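Trainee: Pasting a predicted model and its sequence here:
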Amino acid sequence: MNAAAGHTNAGHQDNLYKWLALIVVVVGTFMAILDTSIVNIAIPKMMNVFGVSTDQIQWVITAYMLTMGPVIPLTGYLSDTFGTKKMYIWALGAFTVGSALCGFAWSNSAMIVARIIQALGGGMIMPISMSIIYQVIPAKERGMALGIWGIAAMAAPAIGPTLSGYIVEHLNWRLIFTINIPVGIIGVILAGLLLKESPRKPSRGFDYLGFVSSTVGLVSILYVLGEGSTIDWNEFKNVFLLVLGIFSLMLFAANELTRDDPLLDLRVLKIWPYTLSIIISSITNIALFGGVFLLPLFFQNLQGYSAMQTGLIMFPGAVATGIMMPVGGKLFDKFGAKPVVIPGLLILMLSTYQLSRLTLDTNSHTVMWLMAVRGVGLGLAMMPITTAGMNSVPSHLVARASALQNVIRQVAGSVGITILTTIMTNRQAVNYIRLAEQVSYFDANSVELFGRIQGWLSQQGVPAGEAQGISVSTVFGLVAKEAAVQAINDTLFVTVLIILVTIPLALLMRGKKSSKQKDEHLVMFE
């Protein structure tokens, strides 16, 4: 009887531990992702404080991105060598120290160095968090656990601009960094007290060639992609960096496939459910970017909303996603990926299509409603896609698989940003030319519009010659706005087509996965 009671008590302790561990990693994940979106709003303020140009201040963001790229592949090796608990504490500690240094930075150069330190920790937090979840949460409950973890991953980018806008407008801009200090300290203490150390995997040696080639490749390509549609392909530096990046990543792939103990085990891509989940999630992330990036442009640049107001418009989507992620995870645990992912993608596609029909008269409430519906689709689809892939990976490869997944997603996200930005810029130019051709003194509607504007200006006492010039600039200003709206719509429609591509791929996913299938993967990789 005592033995049975002891067994029950141990079971309760294990059950409590796994959810406490989840809370610890959710805190770190939220902080790291929040910081990727919270800084942009404060850039103009930092330019004034430090007295620097746009080109100089841009390195505050670029340095963070370029540091995160090569850091992520290291997480698998470091977690296997030193244990996930130690590495999580180190990563969260480095992020907190970097945040403190950012908050007290006295110059642009000091801010850039502090951001690099921050990125060293921030880049590791997400893949290590996912590794911890897969180590402590049983397979049958991972959908629910990742749904809760996903609340932090999806809510942080939506909250970031609103929180940052409020802090910059009403408080001290340095708070966007120093607010991380108490939270980070609490997170480190909780991790030290609550997390259990993972088994270490003996290493045969550090993969120096893999590290150097991946670092050179990722930094080069991420730098070029970071230039977006403004990149000058006639400039030797950009072409050289792109070629160097591609060559380095090819060398990296060849090295990783031939080493016994690679930095990133690319052979894990032989596990089809894992590879399929990466393909679907990477493509879906591009569509996610379409809403997160394009809609703020619509409201801030074309309708004159502030960053905080725009953040509030986007917020219902984040709330809906946060609510539906645990629901999607629970449904995944019960029914498997396919019955949950496909409805989620369909909702995402249809709501994004409705968003691609914006006009200058579209009100914020319509967009808030559509973003909420879109959030439901994202919440249903995203975590089951990831969970289905990671569940197929043997436990001893989880750390490497998590790191590889995050690297591919980051590169895919950067590629998607560049592609969509380029599409929007090109469509805006095409739309402007097409619309401007319709405005002339030979067109009755144009003449009537010019006349109305000139008449109103004359009533305000503006001289006739000046009124004519103002009317022309006003009309062509409206043409430019309409061209921009149509460009945003065109780009959003491209994301609709991108989501459409993922639906046939989702049909290839399995339903409720059997333990037998899991064992087959384990046998293959043991």
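Mentor: Right, received. Where do you want to start? Residues are numbered from 1 along each chain as shown.

Trainee: Only C-alpha atoms from now on, for both contacts and neighbour counts.
Mentor: OK.

Trainee: any idea how far Val434 lies from Leu478?
Mentor: I think there's a mix-up here, since residue 434 is Arg and not Val. 13 Å (Cα to Cα, to the nearest Å).

Trainee: what mean pLDDT does the top helix by length along the chain have?
Mentor: Determined from DSSP state H, the single longest helix within the chain is helix 464-507. Regarding helix 464-507, the rounded mean pLDDT is 80.

Trainee: and it, how far out from the chain's middle?
Mentor: Between the centre of helix 464-507 and the centre of its chain there are 24 Å (Cα atoms, centre = their mean, to the nearest Å).

Trainee: What helices and strands are in contact with it?
Mentor: Counting contacts by 3 or more Cα pairs under 8 Å, 6 or more residues apart in numbering; DSSP states H and E, helix 464-507 packs against helix 272-297, helix 338-355, helix 398-436, helix 444-459.

Trainee: List phi and psi for the residue lying closest to Val411 once chain neighbours are set aside.
Mentor: In space, and not counting its chain neighbours, Val411 is closest to Leu222: 7.1 Å by Cα to Cα, 6 or more residues apart in numbering. For Leu222, the backbone dihedrals (degrees, to the nearest 10) come out as phi -70, psi -30.

Trainee: Go ahead and confirm Leu222 touches Leu66.
Mentor: Yes - if you go by Cα atoms under 8 Å, Leu222 and Leu66 touch, sitting 6.6 Å apart.

Trainee: Could I get the contacting residues of Gly379?
Mentor: Gly147, Ala320, Thr321, Gly322, Ile323, Met324, Met325, Pro326, Val327, Gly328, Gly344 (Cα atoms under 8 Å, 6 or more residues apart in numbering).

Trainee: Can you check what pLDDT the model gives the first one?
Mentor: Each residue has a pLDDT score; the one for Gly147 is 73.

Trainee: Touching, it and Ile323? I think so.
Mentor: No - using Cα under 8 Å, Gly147 is not in contact with Ile323; the gap is 9.0 Å.

Trainee: So those two - more neighbours on which side?
Mentor: Gly147 (28 against 18; other Cα atoms under 10 Å).

Trainee: tell me the contacts of the more buried one?
Mentor: Met324, Met325, Pro326, Val327, Gly328, Gly329, Lys330, Gly379, Met383.

Trainee: Out of the residues you listed, who's the most crowded?
Mentor: Gly379 (33 neighbours).

Trainee: So Val239 sits against Trp233, correct?
Mentor: Yes - at 6.3 Å, Val239 and Trp233 qualify as touching, with contact defined as Cα under 8 Å.

Trainee: which one of these two has more residues nearby?
Mentor: Val239 (14 against 11).

Trainee: which residues does that one contact?
Mentor: Residues near Val239 by Cα under 8 Å, 6+ apart: Trp233.

Trainee: could you measure it against Gly375, distance?
Mentor: 39 Å.

Trainee: ditto for Val113
Mentor: In terms of Cα to Cα, Val113 sits 36 Å off from Gly375.

Trainee: quick one: which of those two has more around it?
Mentor: The neighbour count for Val113 versus Gly375, taken as other Cα under 10 Å, is higher for Gly375 (30 against 18).

Trainee: Do I have it right that that one meets Ala320?
Mentor: Yes - here Gly375 reaches Ala320: they are 4.9 Å apart, a contact under Cα under 8 Å.

Trainee: thinking again about what came up before, dump the helices and strands packed on helix 464-507 into TSV; add mean neighbour count, mean pLDDT and distance to Phe82 as well.
Mentor: Converted to TSV, the helices and strands packed on helix 464-507 look like this (neighbours: other Cα atoms under 10 Å; pLDDT from 0 to 100; distance: least, Cα to Cα, whole Å):
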stretch	mean neighbour count	mean pLDDT	distance to Phe82
helix 272-297	21	81	25
helix 338-355	22	91	36
helix 398-436	20	78	12
helix 444-459	15	61	71
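
Trainee: So which of those helices is nearest Leu175?
Mentor: helix 272-297 (23.0 Å; Cα to Cα).

Trainee: which secondary structure element contains the nearest residue to Thr387 once chain neighbours are set aside?
Mentor: Leaving aside its sequence neighbours, Thr387 sits nearest to Gly143 (Cα to Cα, 6+ apart; 6.2 Å). Per DSSP states H and E: Gly143 is located in helix 142-170.

Trainee: mind checking how far Gln72 is from Asp265?
Mentor: For residue 72 the amino acid is Ile, not Gln. 13 Å.

Trainee: Please say which of those two ends up with more neighbours.
Mentor: Ile72 (28 against 22).

Trainee: Hmm, the residue nearest to Thr387 is touching Ile385, no?
Mentor: No - if you go by Cα under 8 Å, Gly143 and Ile385 don't touch, sitting 9.7 Å apart.

Trainee: who has more neighbours, the two?
Mentor: The residue with more neighbours, out of Gly143 and Ile385, is Gly143; 31 against 28, by other Cα under 10 Å.
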